[in-house]
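Visitor: Sequence first, predicted coordinates after that:
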Amino acid sequence: MRLLESYRGYFMVDDYADYNALALQPGMERLACMAHARRKFVNAQKVQLKGKNGRVDIALTMINKLYDIEREVKDHR
């Protein structure tokens, strides 16, 4: 990651494993992407037993509420 070797601050990236070393550098703060996190829950929901509700559904409901709040705030700028 020579391109970012002198950079210090926040960085938002996907779950590519090579970014883990960058996150360990002093002054670096890795931000998570909700779209990528949500996708993992959506995939888990696809393999959930039919008719069964669980933690996956709770997580997706919470993420959707966050998206609702973001839309509401965006409309009030």
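Guide: Received it, and whenever you're ready, just let me know what you need.
Visitor: Now the phi/psi pair for V13, please.
Guide: phi -140, psi 170 (degrees, to the nearest 10).
Visitor: Need the residues that contact stretch 56-68.
Guide: M34, A37, R38, F41, V42, A44, Q45, Q48 (C-beta atoms under 8 Å, 6 or more residues apart in numbering). For every residue, glycine as well, the C-beta is placed using N, CA and C.
Visitor: I'd like the distance between the second one and K46.
Guide: Applying C-beta to C-beta, to the nearest Å, the value for A37 to K46 is 16 Å.
Visitor: who has more neighbours, the two?
Guide: The neighbour comparison of A37 against K46 (other C-beta atoms under 10 Å) goes to A37, with 13 against 8.
Visitor: which element is that one on?
Guide: helix 34-46 (DSSP states H and E).
Visitor: immediately after that helix, which helix or strand?
Guide: Next element after helix 34-46 (DSSP H and E): helix 55-75.
Visitor: Next, the angle from that following helix to helix 34-46.
Guide: Computed by axes from the mean of the first three to the mean of the last three C-alpha atoms, to 10 degrees, the angle separating helix 55-75 from helix 34-46 equals 150 degrees.
Visitor: Format the CA atom coordinates belonging to helix 55-75 as PDB.
Guide: Coordinates of each C-alpha in helix 55-75 appear next as PDB, following Å, rounded to 0.1, in the frame of the first residue of the first chain:
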ATOM      1  CA  ARG A  55     -31.000 -12.500  14.400                       C
ATOM      2  CA  VAL A  56     -30.500 -12.000  10.700                       C
ATOM      3  CA  ASP A  57     -34.000 -10.500  10.500                       C
ATOM      4  CA  ILE A  58     -33.400  -8.300  13.500                       C
ATOM      5  CA  ALA A  59     -30.100  -7.100  12.000                       C
ATOM      6  CA  LEU A  60     -31.700  -6.300   8.600                       C
ATOM      7  CA  THR A  61     -34.600  -4.500  10.300                       C
ATOM      8  CA  MET A  62     -32.100  -2.300  12.300                       C
ATOM      9  CA  ILE A  63     -30.000  -1.600   9.100                       C
ATOM     10  CA  ASN A  64     -33.200  -0.600   7.200                       C
ATOM     11  CA  LYS A  65     -34.100   1.800  10.100                       C
ATOM     12  CA  LEU A  66     -30.700   3.400   9.700                       C
ATOM     13  CA  TYR A  67     -31.300   3.800   6.000                       C
ATOM     14  CA  ASP A  68     -34.700   5.300   6.700                       C
ATOM     15  CA  ILE A  69     -33.100   7.900   9.100                       C
ATOM     16  CA  GLU A  70     -30.400   8.700   6.400                       C
ATOM     17  CA  ARG A  71     -33.100   9.300   3.800                       C
ATOM     18  CA  GLU A  72     -35.100  11.500   6.300                       C
ATOM     19  CA  VAL A  73     -32.000  13.600   7.200                       C
ATOM     20  CA  LYS A  74     -31.000  14.000   3.600                       C
ATOM     21  CA  ASP A  75     -34.400  15.500   2.800                       C
END
